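Participant: One predicted model, sequence on top.
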Amino acid sequence: MNTPSGSTGEAMLAVAALAAVQLTRGRSQEEINLMAAFFTTLGDGIAVIAAGREVDAARKSSVKSIDNSSPMS
């Protein structure tokens, strides 16, 4: 999907980079490392939820196609 200023992915990357700069400003290296680990874990959790939803949708879709292709008695 494109926006007038470029692709959505590019815009999200720019926003993420700016957020990283702002969030780490004035923080110690220990705080930055902890924040990095936290946001990595958060992102991984979101990815697992998204993958689970895709699996559920695929299962529902395959069940519907099986129901639609079975002969009627």
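Facilitator: Received it, and whenever you're ready, just let me know what you need. None of the values given here were measured: they were computed from a predicted structure. Residues are numbered from 1 along each chain as shown.
Participant: which stretches of the protein form strands?
Facilitator: Assigned strands in the chain, in chain order: 2-3, 6-7 (criterion: DSSP state E).
Participant: And those strands, which one averages the lowest pLDDT?
Facilitator: Least confident of the strands of the chain, judged by mean pLDDT, is strand 2-3 with a mean of 58.
Participant: Excluding chain neighbours, give the residue nearest to R27 in space.
Facilitator: M35 (7.3 Å; Cβ to Cβ, 6 or more residues apart in numbering). All C-beta atoms are positioned from the backbone trio N, CA, C, and that covers glycine.
Participant: pretty sure the one you found is touching T24, no?
Facilitator: Yes. At 7.1 Å, M35 counts as touching T24 under the criterion of Cβ atoms under 8 Å.
Participant: Could you check the pLDDT of the residue nearest the centre of the chain?
Facilitator: Nearest to the geometric centre of the chain sits A47, at 4.9 Å (Cα atoms, centre = their mean). A47 is assigned 97 on the pLDDT scale.
Participant: go on, K64?
Facilitator: Checking the pLDDT column for K64, the value is 73.
Participant: Equivalent analysis for A51, please.
Facilitator: Listed pLDDT for A51 reads 97.
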